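> predicted coordinates and the sequence they were generated for:
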Number of protein chains: 2
Amino acid sequence: MKELEEYIAQYGTVKEGNVLKVDAFLNHQCDVELFDRMGAEWARLFAGKQIDKILTIEASGIGIACVVSRHFGNVPVVFAKKYQSINLDGEQYCTSIHSFTKQKDFHVIVAKKFLHEGEHVLLIDDFLANGCALNGLIELCEEAGAIVEGIGIAIEKGFQDGGKKLRERGYDLQSLAIVESMDPAVGTVSFRH
Amino acid sequence: MKELEEYIAQYGTVKEGNVLKVDAFLNHQCDVELFDRMGAEWARLFAGKQIDKILTIEASGIGIACVVSRHFGNVPVVFAKKYQSINLDGEQYCTSIHSFTKQKDFHVIVAKKFLHEGEHVLLIDDFLANGCALNGLIELCEEAGAIVEGIGIAIEKGFQDGGKKLRERGYDLQSLAIVESMDPAVGTVSFRH
C-alpha cells in the first residue's frame, strides 16, 4: 500500500537494533483516516472471503481492528488480553507468547464465549516481525476450532522470518508494507514490492 | 443513552464486589456499531466545542476512541501507555495511577510530541469508578498545557465518587450510562437519569 509506505518514510523513525518507530500514526498516536483506508485495502485483498469476526491483540491492534471492521460488515472485534500471570478458570483459551521487544513472556487469553468452532476469523495486527504474537492468536483459534481466513498486518519486517514461515504454512497473509531493510545511520527504509 | 443501558441490562453481568462485566460488547469483544452510535451521541453532547485530539488510555479505551473520532472530524487519537516501571528520557509526560481492579500502581505516559500546549482535548474511556485513570489523563494534559474540553465515559459507576468529584471540579463529563446500583444476587442494574 503505497500510502502506508509514504507514511513510514515521512513520519517513521529508524533506530539502532532494527527498531522502526511509527508512533506518530500507528501505535501511540492513531491516524484514523489512514486506518480507514487500510481497511478498504484489506477488504480488497480479502474480497470474497467470509469473515465473521476480527481477532487482534492488545494494545496497538485494537484501534486498527475497530476502524477496519466497517469494511467487513461491522463484524465484532475481539482483542486477546495479555497477562504476566493468570488464574485460569476454564472459561478462557490461553496461550503463551514471548515478546522480544519487552524480553518477557506473556499469557494471552480470549474468553471461550467470544471465539467459536467454525467461525471464520480475520487476524489483524500492527506489526509482524518474528511472528510470536500472531502465532499466539493462531493457537487461540486452533484451540477454539475457529478458521483463520486471513491475516492483515500493517507493517511486516521482511528481514525477520515471521512472515515467511506463516506463508509457508499456507496462511493468506497480507502485509500492507513490507520493510526490506532499514539504515539507522541515515534513517532510510526500503520496501519489498 | 438508552441503547447503552439496554446493552448493559441484556449483555452485562453483575458480580460480587460491585463488578460489572461488559466484555460482550465493550472491553473484550467490541461492538463497533454501538461504538459508532456512542460517538454520534457524544458529538451531540459536546456540540460546538473545539476538539483537536482525543486522548484515551490503553487498552479498552482505544477501540472506542478510534471509532468515535469520525464524529469529531477524524481528529487524531492518542492513547496513554501503561508501564509498571519506566526509564524517563525527558521526551514523555508521565504520571502515576493506581488500579483498584489490579491492585497495582502504573506509570502512564504520553510522548510530548503528541500532546501540545493549547490543544483542545476530549478524554474518552470505557469506565469511570473512582476516577484514578481519568485523573491521570487530566494530569498529563496539565503537564502539557492542553485544555480538557470534555470527558466522554461509556459507563460511570454512580455509586463511586469519581464522577461527582470531576463534576465538582468543573469538567464537562458526559457518561452515556450511569449505574446507580447493582444487585449481584439477582443480576439487576439500575440507572440514574
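Cool, got the structure.
> tell me which residue is most central in chain A.
Here the mean C-alpha position of chain A is nearest to the C-alpha of residue A:125 (Cα atoms, centre = their mean), at a distance of 1.5 Å.
> show me what counts as buried in stretch A:176-192.
A:176-179, A:182, A:189, A:191 (16 or more other Cβ atoms under 10 Å in any protein chain shown). No exception for glycine: its C-beta is placed from N, CA and C like everyone else's.
> for chain B, state which of those residues is nearest.
Nearest to chain B among these is residue A:176, at 17.0 Å by Cβ to the nearest Cβ.
> residues of chain A that sit close to chain B?
A:23-24, A:28-33, A:35-36, A:58-59, A:62-67, A:69-70, A:74, A:76-79, A:81, A:110-111, A:113-114 (Cβ under 8 Å from any Cβ of the partner chain).
> partner strands of the helix or strand encompassing the residue nearest to the centre of chain A, with direction?
Per DSSP states H and E, residue A:125 falls inside strand A:120-128. Partner strands and pairing direction for strand A:120-128 (DSSP bridges) are strand A:53-57 (parallel), strand A:147-157 (parallel).
> so after the helix or strand residue A:180 falls within, what's the next helix or strand?
Applying DSSP H and E as the criterion places residue A:180 in strand A:173-183. Per DSSP H and E, the first helix or strand lying C-terminal to strand A:173-183 is strand A:188-191.
> give me the contacts around that next one.
Identification of contacts with strand A:188-191 by Cβ atoms under 8 Å, 6 or more residues apart in numbering or on different chains yields A:5, A:8-9, A:12, A:14, A:20, A:177-183.
> could I get the residues you listed as CSV with pLDDT?
What follows is the contacts of strand A:188-191, written out as CSV (pLDDT from 0 to 100):
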residue, pLDDT
A:5, 98
A:8, 98
A:9, 96
A:12, 96
A:14, 95
A:20, 95
A:177, 98
A:178, 98
A:179, 98
A:180, 97
A:181, 96
A:182, 96
A:183, 94
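> tell me the one among those nearest to residue A:158.
Within the contacts of strand A:188-191, the smallest distance to residue A:158 is 4.3 Å, found for residue A:178 (Cβ to Cβ).
> residue A:95 reaches residue A:140, doesn't it?
Yes: using Cβ atoms under 8 Å, residue A:95 is in contact with residue A:140, at 5.8 Å.
> what sits in contact with each of these two?
By Cβ under 8 Å, 6+ apart, the residues touching both residue A:95 and residue A:140 are residue A:108.
> between those two, which one's more packed in?
residue A:140 (24 against 18; other Cβ atoms under 10 Å in any protein chain shown).
> just checking, the more buried one touches residue A:112?
No: applying Cβ under 8 Å, one finds residue A:140 not in contact with residue A:112, separated by 10.0 Å.
> which neighbours do these two share?
residue A:93.
> how many neighbours does the closest residue in space to the residue nearest to the centre of chain A that isn't next to it in sequence have?
Nearest residue to residue A:125, sequence neighbours excluded (Cβ to Cβ, 6 or more residues apart in numbering or on different chains): residue A:61, at 4.6 Å. Counted by other Cβ under 10 Å, the residues lying close to residue A:61 total 30.
> next one: residue A:121
Residue A:121: 25 neighbours (other Cβ under 10 Å).
> again with residue A:106
Residue A:106 has 22 neighbouring residues, counting by other Cβ under 10 Å.
> can you check residue A:153 too?
27.
> got it, and residue A:38?
When neighbours are counted by other Cβ under 10 Å, residue A:38 comes out with 24.
> surely it is within a helix?
Yes: checked against DSSP: H, G, I helix; E, B strand; the rest coil, residue A:38 lies within a helix.
> one step back: from residue A:56, how far out is the residue nearest to the centre of chain A?
Remark: distance between residue A:125 and residue A:56 (Cβ to Cβ, to the nearest Å) = 6 Å.
> between the two, which contacts overlap?
A:64, A:137.
> sorry, back to before: out of the strands paired with strand A:120-128, deepest packed?
Highest mean neighbour count of the strands paired with strand A:120-128: strand A:53-57, a mean of 26 (counted as mean count of other Cβ atoms under 10 Å in any protein chain shown).
> I'd say the residue nearest to the centre of chain A and residue A:58 touch.
No: in this structure residue A:125 lies outside contact range of residue A:58 using Cβ under 8 Å: 10.5 Å.
> going along the chain, name the helices of chain A.
A:2-11, A:32-45, A:60-68, A:132-144, A:162-168 (DSSP state H).
> which residues are contacting the first one?
Right, the one you point to is helix A:2-11. The contact list for helix A:2-11 (Cβ under 8 Å, 6+ apart) reads A:20, A:22, A:24-25, A:31, A:34, A:37-38, A:154-155, A:176-177, A:179, A:189, A:191.
> out of the helices of chain A, which is the most enclosed?
helix A:60-68 (a mean of 29).
> please save the CA atoms from that helix in CSV.
Coordinates of each C-alpha in helix A:60-68 appear next as CSV, following Å, rounded to 0.1, in the frame of the first residue of the first chain:
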residue,chain,number,x,y,z
SER,A,60,-1.9,-1.4,19.4
GLY,A,61,-4.0,-3.7,17.3
ILE,A,62,-7.3,-2.6,18.8
GLY,A,63,-7.8,0.7,17.2
ILE,A,64,-6.8,-0.5,13.8
ALA,A,65,-9.2,-3.6,14.1
CYS,A,66,-12.1,-1.5,15.3
VAL,A,67,-11.8,1.0,12.4
VAL,A,68,-11.2,-1.7,9.8
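> I am finished for the moment; much appreciated.
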